[in-house]
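**Q** sequence and predicted structure, then a few things I'm wondering about:
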Amino acid sequence: MISTAGSEREANRLARTLIQERLAACVNVVPGVTSYFYWGGKICREKEALLVVKTVRARLKEIIHKVKEIHSYEVPEIFFLRVETGEKKYLQWVKKMTQEDMQLLKNSPKIGKRPR
C-alpha cells in the first residue's frame with residue numbers, strides 16, 4: 001500500500017498503529033516528499049511524508065478502514081500495488097507478521113529487526 005501523511009509525525013503514528021494492530025508487517029516512512037495536486041479547484045503544493053506499507057491482501061479492507069479512521073486528510077491517499085513476486089522468505093515473513101493470532105508470532109523476529 002502507498003499513502004501520504006501531512007507530516008512525518010502523522011506518518012509515524014499511522015505506521016506504528018498499522019504494525020501494532022498487525023495490519024502491516026513493515027511500514028517505511030519517507031519524510032520530505034513534495035506533492036502537487038488539484039484540490040478545491042486549484043493546484044496545491046504540500047510537504048508530506050510517504051508511507052510504503054507491506055501487507056497481505058486479506059488485510060486490505062481493515063487497513064483502509066483504519067487509515068480513514070485516524071488520518072487527518074478528508075480524502076487520504078490509499079492505493080495498493082500488487083506484488084507479482086519477491087524474495088520467498090521475506091514474503092513468508094510479511095504473511096506471518098500480518099496474522100491476527102498472536103500465538104503464531106511467538107518465535108518471530110522482534111519489530112524493528114530485519115528477518116534473516
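**A** It's in.
**Q** what's the closest non-adjacent residue to the residue nearest the centre of the chain?
**A** Nearest to the mean C-alpha position of the chain, by C-alpha atoms, centre = their mean, lies residue 53 at 3.0 Å. Spatial nearest neighbour of residue 53, excluding adjacent residues (C-beta to C-beta, 6 or more residues apart in numbering): residue 1 at 4.0 Å. To be clear about C-beta, it is placed using only N, CA and C from the backbone, and glycine gets the same treatment.
**Q** repeat that for residue 73.
**A** Leaving aside its chain neighbours, residue 73 sits nearest to residue 6 (6.7 Å; criterion: C-beta to C-beta, 6+ apart).
**Q** what does residue 63 give?
**A** residue 23 is the one closest to residue 63 (C-beta to C-beta, 6+ apart), at 4.9 Å.
**Q** if we can go back for a sec, distance of the residue nearest to residue 53 from residue 26?
**A** Taking C-beta to C-beta, to the nearest Å as the measure, residue 1 falls 11 Å from residue 26.
**Q** give me the helices and strands touching the top helix by length along the chain, please.
**A** Among the segments of the chain that qualify as a helix by DSSP state H, the longest is helix 8-20. If you count contacts as 3 or more C-beta pairs under 8 Å, 6 or more residues apart in numbering; DSSP states H and E, helix 8-20 packs onto strand 2-5, strand 26-39, strand 42-54, helix 60-70.
**Q** rewinding a little: any residues in contact with both of residue 1 and residue 26?
**A** Residues touching both residue 1 and residue 26 by C-beta atoms under 8 Å, 6 or more residues apart in numbering: residue 53.
**Q** and residue 44, how far from residue 60?
**A** Counting by C-beta to C-beta, the gap from residue 44 to residue 60 is 28 Å.
**Q** also residue 27?
**A** According to C-beta to C-beta, residue 27 and residue 60 sit 15 Å apart.
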